[in-house]
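Student: Give me a 3D structure for the following:
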Amino acid sequence: MAYEITATRKRPQSFEDLAGQDFVSATLKASIASGRIAHAYLFSGPRGCGKTSTARILARSLNCEQGPSAEPCGRCDSCLSIARGSALDVIEIDGASNTSVENVRQIKDEVLFPPNSSKYKIYIIDEVHMLSNSAFNALLKTIEEPPPYIVFIFATTELHKVPATIKSRCQQFNFRLIDLDTIKARLASAAADLGVKADDDALLWMAREATGSLRDAYTLFDQVASFSEGYISAAKIREKLGLVGSERLGSLMEHCVAGDRASALQLLDTIIASGVSVEQFAQDAVGYVRGLLLIACGIEREALLGTPRTAFPDAVVAALDAAKLERMLAGLFELYRNMRYSVNPRWELELAVARLCAIGDYIAPAELAKTLAGLKRAISGAPSPATQAVASGLKAALGGGISLGRTEARPPVSQAQDGLEPEQNAATQEADPDDELLIEQDEPDLGALKNAIVRALGKTRLVLSMSLERSAPWFLEGATLVIPCANGYDASTVLADSSMVAKRVAEITGRSLRVEARAAEQPGSREAPAKPPMHEDDGGDDEERDPVEIVERVFRGRRVEGKSPDRDPSARDQ
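Tutor: Presented below is the predicted three-dimensional model:
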């Protein structure tokens with residue numbers, strides 16, 4: 001007897017045999033049982049998921065001598081001839097090779113004749129999306145109002161290429177990919193039929209490589225069975241097909257986790273020398289790290305991992321968390337993209353493996369930010385329980401000469417009590433503790449006080465901070481802190497926020513002082529201005545009324561040249 005491939009030998013012969021298409025089989029069986037048979041069906045879905053097989057089962061159900069019946073007998077002449085593909089009333093057409101309008105016109109002529117010996121004349125057009133637009137237009141009227149004995153069954157893998165006018169005239173059934181467990185069970189059944197022994201991990205690998213297509217799984221099974229000599233094992237598959245294998249990948253990951261670059265690169269060389277291509281290694285490594293990431297997320301179902309759980313060493317699983325695995329997976333994806341344009345793809349792979357050996361030192365950005373926030377709280381004087389150990393370590397490392405926390409620090413004043421804006425309150429809370437230690441004295445150091453307030457307001461109130469920075473040295477007049485501002489604008493800026501400055505002064509010095517801002521031109525300041533003020537009606541000399549000098553005084557600038565153009569007769573003439 002001639003050899004028959006597994007995909008043909010295991011082709012389903014009834015709706016019950018369809019794998020993973022329960023919705024389609026249940027709907028078609030119900031419509032046949034109720035006599036509601038449509039004149040056109042459109043089956044769409046990925047390759048190898050049962051579209052053509054379903055079309056033949058439907059044709060057998062409609063033309064069975066005991067039917068139409070949802071369960072054809074499979075023994076009558078009609079069922080047997082359809083199974084052999086020799087039925088005169090079931091015409092299968094390849095849409096890829098019959099794309100012209102002339103082929104469709106031939107169909108239109110044939111539908112005028114009734115079936116020879118069956119109840120229905122059924123046209124099965126595979127890959128119908130390959131028909132030309134003219135051919136589709138020629139079919140429109142025929143499939144909309146065909147003779148009562150005509151049934152069209154269209155199958156396509158690219159539904160988006162079928163015109164909407166055709167879709168609207170057909171009952172549509174969307175086939176889906178078959179799950180991995182179902183494919184694995186069918187492969188085990190095929191191996192049992194052939195008397196071939198197969199390991200569970202080998203069947204799992206073939207089912208995963210099929211990516212939801214049962215026909216692809218049967219084709220791969222035939223290829224593996226041809227060189228397995230009656231026993232299908234993962235080792236033979238790896239040896240004959242040039243795969244890395246989960247065992248060697250597990251050993252490589254152990255070296256990477258341990259940071260042993262030499263051993264990892266030596267093992268990589270051994271794997272490449274055994275005949276594994278660089279691209280295949282990258283693909284297998286991506287799949288393996290993906291499995292580790294799923295395990296880190298709490299998923300251990302083999303159907304989703306694609307590899308038995310025992311293929312992942314416990315030491316590797318324990319050493320790598322989700323953040324590190326995401327980093328590894330991103331690096332392998334980048335490797336696969338870069339190999340296409342690399343000078344030497346193997347060098348790219350060796351570089352990626354060397355980087356994977358440093359994964360133990362990787363710190364996720366979120367974890368780093370949390371650690372820095374804890375250190376900031378510890379240094380600012382309010383360490384949390386989670387950062388007290390870090391603060392103690394820093395204090396010991398610094399020799400105990402610098403205090404990381406101040407137990408006498410005052411509790412923060414609430415925004416409702418101090419009456420400040422949120423950003424103002426935030427600025428007061430971010431003051432430098434060293435400045436407070438420096439200023440909290442019986443007689444406050446006004447220079448240090450000025451620097452502390454300017455530094456505290458520098459991030460949130462930039463204009464006010466600049467106005468205070470430009471001011472002259474501060475001085476006290478009783479209970480009043482006088483701030484000599486550089487000009488009237490600075491004085492008005494400080495005066496508008498004097499309550500906030502006074503609040504900050506009280507927090508630093510412990511004394512309640514009233515803040516008074518004075519412009520440099522105002523009388524009563526401790527330091528007289530460099531030159532008397534000028535007025536428009538003042539009868540001063542030309543030098544007093546020089547506009548360039550006014551700009552110098554307002555913006556605290558200086559002349560680039562020694563003489564002003566207004567005072568240089570030669571310049572005026574030019």
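
Student: Lowest-scoring secondary structure element of the chain by mean pLDDT?
Tutor: helix 415-418 (a mean of 40; mean pLDDT, DSSP states H and E).

Student: Could you chop the protein up by domain?
Tutor: 6-174, 183-188+195-359, 365-397, 416-519, 543-574 (automatic domain parsing).

Student: Just the CA trace of the longest helix anywhere in the chain, in PDB.
Tutor: Across the chain, the longest stretch assigned as helix under DSSP state H is helix 278-296. Output of helix 278-296 as PDB, limited to C-alpha atoms (Å, rounded to 0.1, in the frame of the first residue of the first chain):
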ATOM      1  CA  VAL A 278      23.400  32.100  15.300                       C
ATOM      2  CA  GLU A 279      19.800  33.000  14.300                       C
ATOM      3  CA  GLN A 280      18.500  29.700  15.700                       C
ATOM      4  CA  PHE A 281      20.400  30.300  19.000                       C
ATOM      5  CA  ALA A 282      18.900  33.700  19.300                       C
ATOM      6  CA  GLN A 283      15.400  32.400  18.700                       C
ATOM      7  CA  ASP A 284      15.800  29.500  21.200                       C
ATOM      8  CA  ALA A 285      17.300  31.900  23.800                       C
ATOM      9  CA  VAL A 286      14.300  34.300  23.500                       C
ATOM     10  CA  GLY A 287      11.900  31.400  24.000                       C
ATOM     11  CA  TYR A 288      13.800  30.100  27.000                       C
ATOM     12  CA  VAL A 289      14.000  33.500  28.700                       C
ATOM     13  CA  ARG A 290      10.300  34.100  28.000                       C
ATOM     14  CA  GLY A 291       9.600  30.900  29.900                       C
ATOM     15  CA  LEU A 292      11.700  32.100  32.800                       C
ATOM     16  CA  LEU A 293       9.700  35.400  32.800                       C
ATOM     17  CA  LEU A 294       6.400  33.500  32.900                       C
ATOM     18  CA  ILE A 295       7.600  31.400  35.800                       C
ATOM     19  CA  ALA A 296       8.700  34.600  37.600                       C
END
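
Student: isn't Glu254 right up against Pro313?
Tutor: Yes. Glu254 lies in contact with Pro313 (C-beta atoms under 8 Å); the separation is 5.9 Å. For every residue, glycine as well, the C-beta is placed using N, CA and C.

Student: Look at Ala517 and tell me its secondary structure.
Tutor: strand (DSSP: H, G, I helix; E, B strand; the rest coil).

Student: Please report how far it lies from Leu462.
Tutor: Distance of Ala517 to Leu462, given as C-beta to C-beta, to the nearest Å: 17 Å.

Student: Ser14: neighbour count?
Tutor: 15 (other C-beta atoms under 10 Å).

Student: got a list of what it touches?
Tutor: 57, 71-72, 74 (C-beta atoms under 8 Å, 6 or more residues apart in numbering).

Student: are any of the residues you listed buried, and which?
Tutor: 57, 72 (16 or more other C-beta atoms under 10 Å).

Student: what's downstream of the longest helix of the chain, the next helix or strand?
Tutor: The C-terminal neighbour of helix 278-296 among helices and strands, as given by DSSP states H and E, is helix 302-305.

Student: contacting residues around the helix or strand following that following helix?
Tutor: Downstream of helix 302-305, the first helix or strand assigned by DSSP H and E is helix 314-319. Residues outside helix 314-319 that contact it (C-beta under 8 Å, 6+ apart): 250, 253-254, 257, 292, 295-296, 360.

Student: So the residue nearest to Leu187 when sequence neighbours are not counted versus Cys49, what's the distance?
Tutor: Among residues not flanking Leu187 along the chain, Leu203 sits closest, at 5.0 Å (C-beta to C-beta, 6 or more residues apart in numbering). Plainly put, Leu203 is 19 Å away from Cys49 if you go by C-beta to C-beta.

Student: Ile122 is in contact with Tyr149, correct?
Tutor: No. Tyr149 lies out of contact with Ile122 (C-beta under 8 Å); the separation is 9.5 Å.

Student: between the two, which one's more packed in?
Tutor: Neighbours were tallied for Tyr149 and for Ile122 using other C-beta under 10 Å; the higher tally belongs to Ile122 (26 against 16).

Student: Now the phi/psi pair for that one, please.
Tutor: phi -110, psi 130 (degrees, to the nearest 10).

Student: who does it bridge with?
Tutor: Here Ile122 shows beta-bridge partners Val90, Val151, assigned using DSSP bridges.

Student: quick one, helices of the stretch 151-300 of the chain?
Tutor: Applying DSSP state H, counting those that start in this stretch to the stretch 151-300 of the chain gives helices spanning 164-167, 180-194, 200-209, 214-228, 234-241, 246-258, 261-273, 278-296.

Student: Using a markdown table, please lay out the ones you listed together with distance to Leu18 and mean pLDDT.
Tutor: Supplementary listing: those in a markdown table, determined by distance: least, C-beta to C-beta, whole Å; pLDDT from 0 to 100:
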| stretch | distance to Leu18 | mean pLDDT |
| --- | --- | --- |
| helix 164-167 | 23 | 90 |
| helix 180-194 | 11 | 90 |
| helix 200-209 | 18 | 87 |
| helix 214-228 | 10 | 90 |
| helix 234-241 | 28 | 83 |
| helix 246-258 | 32 | 89 |
| helix 261-273 | 41 | 91 |
| helix 278-296 | 29 | 90 |
